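[1] Show me the folded form of this:
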Amino acid sequence: MLTPFKRVALLAIVLLAAGSLISFAAPPQDPGAPEMMLAGGTSGKVPFPHLRHQQMLTDCNLCHLKFPQTPGAIEALKTEGKLAKKEVMNTVCTKCHKEKKLAGEASGPTTCTTCHVKG
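    The predicted structure is shown next:
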C-alpha cells in the first residue's frame, strides 16, 4: 500500500511525464512577424497585417497550404516557377476577402489598388 507521501510523489512523476510528452508532441510554432511588407511587383509593395490574419483565421493552413511558413517563400516559389505571379493574391487573399464580404463578415480589401502601395 502506498503512503500519502508516495502517492503525491507518484502523481507528481506522472504529471511531469505527461507534460513532457505533450511539449514534445506539439512544439510551439513561430508566429512570424506581426506586420510584413510583401513584394507586389510593379504595382508596389503590399503591407500585410499578419497578426490580424492570425487572430481572425486561427488556422495557419488556410493560407499556408500554398506556401511554407518561411520568410521569402512566396518570392522563392515564383522564381522557381512553382507559383504563378499573382497566384497567392488571387487564389488565397482576394478569394478569401471576397467570400467573407459576401457572407457579411469583416473582410480585407478586394481590389488591387487598396493593397498595393507605390513608392
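
[2] Need the nearest residue in space to the spatially most central residue of the chain, chain neighbours excluded.
    By Cα atoms, centre = their mean, the chain has its centre lying nearest to residue 60, at 3.5 Å. Nearest non-adjacent residue to residue 60, counting by Cβ to Cβ, 6 or more residues apart in numbering: residue 69, 6.6 Å away. To be clear about C-beta, it is placed using only N, CA and C from the backbone, and glycine gets the same treatment.

[3] Please list all residues in contact with that neighbour.
    Neighbour list for residue 69: 29, 30, 32, 60 [criterion: Cβ atoms under 8 Å, 6 or more residues apart in numbering].

[4] Equivalent analysis for residue 119, please.
    When the contact criterion is Cβ under 8 Å, 6+ apart, the partners of residue 119 are residue 44.

[5] Repeat that for residue 50.
    Contact analysis of residue 50 by Cβ under 8 Å, 6+ apart lists 31, 32, 33, 34, 35, 36.
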